[in-house]
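**Student:** here is my input; please provide its structure:
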Amino acid sequence: MELIDFTKLKVSCQKCSLAELCLPHGLSKADLEKLDQFVRHPKPLGRGDYLFRSGDALGSLHAVRSGSAKLVMGNSKGEEQILGFYLPGEVVGFDAINTGRHTCSAMALETSSICSLPYSQLAEISRSVPSLQEQVLRLIGREMSIENELLLTINKKSADERIATFLISISHRFRRLGYAQNEFRLSMSRQEIGNYLGLTIETVSRSFTRLQKRRLISTQRRSVKLLDVSELHEMSHGAGGAAPQAASRAEEKTS
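**Tutor:** Below you'll find the predicted structure:
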């Protein structure tokens, strides 16, 4: 089986986030051609490059075409909280719709290419592609759902359950893209995963080790293979083995 590498995932215009995932299903070729007139293609970003910064005015909604990105929010102490990871076919930038300015910053996790849809032209685009605005609202709703799931994950789940939930989420997102879903390379570091899930890097590493010992996953550096998707799925819903859960929760209290 070919290993999926985020940096090599390049989705064609009619299959990327501007079509299958982000735009209404069933758009005609003519509608896609109309939309393409508005879409911009900035130069590729390198790891750590900003797509936008907190406080920037809302310019565009950005779809990841290849690579991956993270959305972060800083606090008064200069500490960073990761709010989400974005893979090919996913859109970032909704945080600025309410106020017109970004409340978060988005940066590339690796070499990434982006498609940008100017927000100021959304009304004009919607006249040409009527179902676009409805789809944007659907995507905003999806963002809210992801945020709620993250809160539940952090507040109610053990460390191992959080990691299982994270891996199952990545797997499902690959499946939506039409790619193999059980073997992939993580572009985010374990420290970044821990930041996102509310865990220390040491706890993340120990959780990965426990999941490997239970033969639920295998790892090689950042490459991950899901060996028992069914059990991982049960864990993501808080239905894993009692003993592993107890060890995970005890460790979490000290992390």
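
**Student:** in the helix or strand harbouring L122, what's buried?
**Tutor:** L122 belongs to helix 122-128 when assigned by DSSP states H and E. Residues of helix 122-128 classed as buried under the neighbour-count rule (16 or more other CB atoms under 10 Å) are L122, I125. Any C-beta I mention is one placed from the backbone N, CA and C, and that applies to glycine too.

**Student:** ok, how many other residues are close to R101?
**Tutor:** When neighbours are counted by other CB atoms under 10 Å, R101 registers 13.

**Student:** please read the previous query as pertaining to L61.
**Tutor:** L61: 22 surrounding residues under other CB under 10 Å.

**Student:** any idea what the residue nearest to E90 when sequence neighbours are not counted is bridged to?
**Tutor:** Distances taken as CB to CB, 6 or more residues apart in numbering place V64 nearest to E90, at 5.5 Å, with adjacent residues excluded. When bridges are called by DSSP bridges, V64 pairs up with I114.

**Student:** show me where the stretch 101-250 of the chain has its helices.
**Tutor:** 122-128, 132-156, 159-177, 190-197, 201-213, 229-236, 242-254 (DSSP state H, counting those that start in this stretch).

**Student:** for G48, find the nearest of these.
**Tutor:** Of all the helices of the stretch 101-250 of the chain, helix 190-197 sits nearest to G48, with 12.0 Å by CB to CB.

**Student:** any idea how the chain splits into domains?
**Tutor:** 6-144, 157-254 (automatic domain parsing).

**Student:** which other helices and strands does the helix holding L122 contact?
**Tutor:** Helix 122-128 is packed against helix 29-36, helix 132-156, with contacts defined by 3 or more CB pairs under 8 Å, 6 or more residues apart in numbering; DSSP states H and E.

**Student:** in CSV, list the ones you listed along with mean pLDDT, mean neighbour count and distance to E192.
**Tutor:** Output for the helices and strands packed on helix 122-128, formatted as CSV (pLDDT from 0 to 100; neighbours: other CB atoms under 10 Å; distance: least, CB to CB, whole Å):
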stretch, mean pLDDT, mean neighbour count, distance to E192
helix 29-36, 72, 14, 33
helix 132-156, 75, 14, 14
